[in-house]
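Chemist: Give the three-dimensional model of this entry:
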Amino acid sequence: MVLKKKIKVLVVDDTIVYRKAVSDIINELPNTELVGVAHNGKIALSKIASLKPDLITLDVEMPVMNGIEVLSELQKMQSKTCAIMLSTLTSEGSDMTLKALELGAFDFILKPQQSASQAEGKKTLKALLEPIITAFGKSTNVSSILRSSSPTLSKGVTTTSLSRPAQKPLRSLTPSKRSTQRTGKSEIVTIGISTGGPNALGQMLPYLPGDIGVPVLIVQHMPPVFTKSLAASLDKKCALTVKEAKDREPIQPNTVYIAPGGKQMKLAAGADGQTRQIKITDDPPENSCKPAVDYLFRSVGDYYVNRTTAVIMTGMGSDGTKGLEVLKNKGAIVIAQNEATCVVYGMPKAPIEQGLADKIVPLNKIADEIVKTVK
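Modeler: Have a look, this model is predicted:
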């Protein structure tokens, strides 16, 4: 896709090696323009005010003013500038990155390991940055979607009497003629999501009642450590219990299981042959993803024929489409997030175009549609 205008990018990092590497990458990418660099957050804010970049690459941990503080100031300024966070694979780094996503960061990438050579590190960075910047360039109304506020519910609370946040009505597309006509209710919910996911889940999951009565299994594309931080963050906001899934853990109703980053997650039969349990594997990536949505969706179809609600939400790429084909052929109800509320309209796009979706709704209606399908 050829963009009408170049994306103006400001590079913010306290380490000269990363400032240079990211700056070089921006200069090499088509449709991007490097408008400046900054070595701490305070200088970055000054340059954002004068240069008005569309996008900043923002180090999470910096002296003087860190990435979180920069994003907080951008919110106060009601700036339309979006950020891609550069994070480290640590517990502290993951917690701060999740906070950054809540504050409106578009996405994040991991800094290459220090053991890598500069050439290898730059190659890794470019491979991570390029698709995200491309996705950003194709997105519309990104800043307003990312900065939507998310609700918080107490444990055990049901949502039947709660009023929903007032939002501008959004056009729902007509679902496909391939809609499954089912008389029974679903006994499991499974969700696939990627770019924009932490924010979207933070807005949707709190509206699922604490007594929903079924397990919820989620693949969110994330590296190790980050999924644990995400689960802990969501657990504080939701009436349901939210946790990072563990191997051989029996699935329970009213619990949300998030696939651990860097592993694959699927369903398996319990020892008694009747119950179902989580199986965490080190199987290869699918669609360049680990965890992969297709991998989970296929396994759910093996055990919940005519009893599954599958949800596909915001994200880059098409992971989940093949898995939804399997689920649809086994009588699943498919709910897709509509284009207008996706940060990146990638993962729902192909299933919608292929007629796999029974319902195509905005983010603030997904929880309602899920509840309608379950017992």
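
Chemist: Which residue would you name as the spatial centre of the chain?
Modeler: For the chain, residue 197 is the residue whose C-alpha lies nearest the centre (CA atoms, centre = their mean; 2.0 Å).

Chemist: Tell me, what's the model's pLDDT at it?
Modeler: Reported pLDDT at residue 197 in the predicted model: 95.

Chemist: which phi and psi does the residue nearest to it when sequence neighbours are not counted have?
Modeler: Nearest residue to residue 197, sequence neighbours excluded (CB to CB, 6 or more residues apart in numbering): residue 220, at 4.7 Å. Quick note: C-beta positions are derived from backbone N, CA and C, even for glycine. Per-residue torsions, residue 220: phi -110, psi 120 (degrees, to the nearest 10).

Chemist: re earlier: ok, now how distant is the residue nearest to the centre of the chain from residue 92?
Modeler: Computed as CB to CB, to the nearest Å, the residue 197 to residue 92 distance reads 21 Å.

Chemist: cool, residue 224 as well?
Modeler: From residue 224 to residue 92 the distance is 14 Å (CB to CB).

Chemist: pretty sure residue 328 is touching residue 336, no?
Modeler: No: in this structure residue 328 lies outside contact range of residue 336 using CB atoms under 8 Å: 11.7 Å.

Chemist: quick one, which of these two is more surrounded?
Modeler: Set residue 328 next to residue 336 and count neighbours by other CB atoms under 10 Å: residue 336 wins out with 29 against 25.

Chemist: List the residues that contact that one.
Modeler: For residue 336, the contact set (CB atoms under 8 Å, 6 or more residues apart in numbering) comprises 311-313, 348, 351-352, 356-357, 359-361.

Chemist: The most far-flung residue of the chain relative to its centre: what secondary structure?
Modeler: Largest separation from the mean C-alpha position in the chain: residue 272, at 34.8 Å (CA atoms, centre = their mean). Using DSSP: H, G, I helix; E, B strand; the rest coil, the structure places residue 272 in coil.

Chemist: distance of it from residue 250?
Modeler: 10 Å.

Chemist: can you pull out the strands in this protein?
Modeler: Counting by DSSP state E, the chain has strands at residues 7-12, 32-38, 55-59, 82-87, 107-110, 188-193, 216-220, 241-244, 255-258, 264-269, 276-281, 308-312, 333-337, 359-361.

Chemist: which residues touch the first one?
Modeler: Read that as strand 7-12. Counting by CB under 8 Å, 6+ apart, 19, 22-23, 26, 31-41, 44, 47-48, 51-59, 62, 67, 70, 81, 133, 136-137 sit against strand 7-12.

Chemist: Could you give me the PyMOL syntax to select whichever of these are buried?
Modeler: Selection of buried members from the contacts of strand 7-12 for PyMOL, criterion 16 or more other CB atoms under 10 Å:
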select buried, resi 19+22+23+26+32+34+35+36+37+38+39+40+41+44+47+48+51+53+54+55+56+57+58+59+62+67+70+81+133+136+137
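
Chemist: hmm, back to that, can you pull the residues that touch both of residue 328 and residue 336?
Modeler: residue 356.

Chemist: backbone phi and psi for the residue farthest from the centre of the chain, please?
Modeler: Main-chain torsions, residue 272, degrees, to the nearest 10: phi -80, psi 0.

Chemist: unless I'm mixing things up, residue 285 is touching residue 292, no?
Modeler: Yes: if you go by CB under 8 Å, residue 285 and residue 292 touch, sitting 6.5 Å apart.

Chemist: Between those two, tell me which one has more neighbours.
Modeler: The neighbour comparison of residue 285 against residue 292 (other CB under 10 Å) goes to residue 292, with 26 against 13.

Chemist: Count the residues that sit near the closest residue to residue 239 other than its chain neighbours.
Modeler: Take residue 239 and drop its neighbours on the chain: the residue closest to it by CB to CB, 6+ apart is residue 210, 3.3 Å away. Neighbours of residue 210 under the rule other CB under 10 Å: 17.
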